[in-house]
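Enquirer: here are the coordinates; sequence isn't available:
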């Protein structure tokens with residue numbers, strides 16, 4: 001019984017997309033939703049930072065447009081977000097990232113389109129029985145856990161990149177300080193030696 005359920009879970013058809021893309025100005029991803037009422041979930045995280053984000057950084061804008069051109073979801077000025085909404089209709093959905101900054105940003109993006117059979121599906125398809133509905137619900141619960149893990153992993157990667165960037169900057173500033181201190185010390189030694197040389201010359205005269 002459990003082996004059969006596991007096999008059905010593995011063979012269940014769902015739309016899952018996971019990718020990494022570089023956003024210069026605007027980048028869009030398209031995903032087809034087969035049924036009205038399907039649940040669209042996902043997340044994105046800005047992973048790579050070419051510059052250190054300050055409080056004035058504009059962030060990334062994210063929009064989702066339905067097949068009818070209606071805005072289904074949007075968020076502005078963020079470094080990451082999770083989203084979930086019910087598809088108002090079937091068709092091709094457009095997921096767009098807009099980067100107001102002149103610096104390209106790498107975005108880790110994950111999307112899942114889930115479908116749980118309803119009463120209409122049960123009445124229309126004799127092959128869909130209540131056990132398949134339960135399997136679909138279990139599959140979506142597992143997918144929700146997977147989505148959360150991917151989101152947390154992307155955030156962890158982002159924090160690691162930020163920490164490495166900060167560490168490199170601290171090392172650079174420290175080395176720069178040492179070089180500057182060395183140059184100042186050498187200049188002081190040379191200046192003092194020349195000063196004493198002039199003083200000795202005056203005393204001989």
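Expert: Looks like it came in fine. Predicted model only: the values in this text are computed from it and were never measured.
Enquirer: Tell me the first helix or strand C-terminal of the helix or strand where residue 20 lies.
Expert: Using DSSP states H and E, residue 20 sits in strand 15-23. Sequence-wise, the next helix or strand downstream of strand 15-23 (DSSP H and E) is strand 26-33.
Enquirer: what bits of this structure have low per-residue confidence?
Expert: 1-17, 48-57, 116-133, 136-137, 158, 162, 198-205 (pLDDT under 70).
Enquirer: ok, 80 please
Expert: Low-confidence segments of the chain, defined by pLDDT under 80: 1-21, 47-58, 102, 115-169, 195-205.
Enquirer: which residues in it form strands?
Expert: 15-23, 26-33, 39-48, 60-65, 71-78, 80-86, 91-98, 105-114 (DSSP state E).
Enquirer: and residue 165, how many neighbours does it have?
Expert: Neighbours of residue 165 under the rule other C-beta atoms under 10 Å: 15. In short, each C-beta sits where N, CA and C put it, glycine included.
Enquirer: Look up how far residue 65 lies from the nearest residue to residue 67 once chain neighbours are set aside.
Expert: Leaving aside its sequence neighbours, residue 67 sits nearest to residue 91 (C-beta to C-beta, 6 or more residues apart in numbering; 3.0 Å). Here the criterion is C-beta to C-beta, to the nearest Å. By it, residue 91 lies 11 Å from residue 65.
Enquirer: So for the two, which residue has more residues nearby?
Expert: Comparing residue 91 with residue 65 by other C-beta under 10 Å, the one with more neighbours is residue 65, at 18 against 13.
Enquirer: Skip the chain neighbours and tell me the closest residue to the more buried one.
Expert: Nearest non-adjacent residue to residue 65, counting by C-beta to C-beta, 6+ apart: residue 94, 4.5 Å away.
Enquirer: List the contacts of the one you found.
Expert: 28-30, 64-65 (C-beta atoms under 8 Å, 6 or more residues apart in numbering).
Enquirer: For these, give me CSV that also has distance to residue 185.
Expert: Listed next are the contacts of residue 94 as CSV, based on distance: C-beta to C-beta, whole Å:
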residue, distance to residue 185
28, 57
29, 56
30, 62
64, 60
65, 62
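Enquirer: which among those end up buried?
Expert: 29, 64-65 (16 or more other C-beta atoms under 10 Å).
Enquirer: Can you tell me which of those residues lies closest to residue 114?
Expert: residue 64 (15.4 Å; C-beta to C-beta).
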